[in-house]
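1. Dropping a prediction and its sequence here:
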Amino acid sequence: QVQLVESGGGLVQAGDSLRLSCAASGRTFSSYVVGWFRQAPGKERDFVATLDWSGRTTRFADSVRGRFTISRDNAEKTVYLQLSSLKPEDTAVYYCAGGSYISDNYRDYDYWGQGTQVTVSS
């Protein structure tokens, strides 16, 4: 069992940066793939980024590639999502999720955090 808690969201202006954290509990965290998804009001939950247990294999949504980076510190049981050059369309609740394999489909992830709000003003 893995429990995930996101933090780091907030209200920023377009062009600003934020770093989101996903802190995990559970002894098997280092073996999990961790993904980030986001959901805007009235929209579906969209894939943002994911990385494997080693942190060497990553995947990004086209909409964020080049602006967002993802990394993990297994010793600290934390995964980070660095958001840069933020745009108003990045506004959403951001969720981290744990799964067994790299996927951009939220249905493939087993464990979810409660989400953290990111709001980007123009």
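-> Happy to help now that I have it. Numbering: from 1, shown residues only.

2. Which secondary structure state does S63 sit in?
-> Judged by DSSP: H, G, I helix; E, B strand; the rest coil, the three-state class of S63 is coil.

3. Against S54, how distant is it?
-> Remark: distance between S63 and S54 (C-beta to C-beta, to the nearest Å) = 25 Å. The C-beta positions use only the backbone N, C-alpha and C, and glycine is treated the same way.

4. Also Q117?
-> 30 Å.

5. Mind checking which of the two has more residues around it?
-> More crowded of Q117 and S54, by other C-beta atoms under 10 Å: Q117, with 12 against 9.

6. From R59, how far out is the one residue sitting closest to the centre of the chain?
-> Among the residues of the chain, the one closest to the centroid is W36, at 2.6 Å (C-alpha atoms, centre = their mean). In this view, W36 and R59 are 11 Å apart by C-beta to C-beta.

7. cool, G9 as well?
-> Taking C-beta to C-beta as the measure, G9 falls 22 Å from R59.

8. now V33
-> Using C-beta to C-beta, we find V33 at a distance of 10 Å from R59.

9. list residues touching both of these two?
-> Residues touching both V33 and R59 (C-beta atoms under 8 Å, 6 or more residues apart in numbering) are T50, L51, I102.
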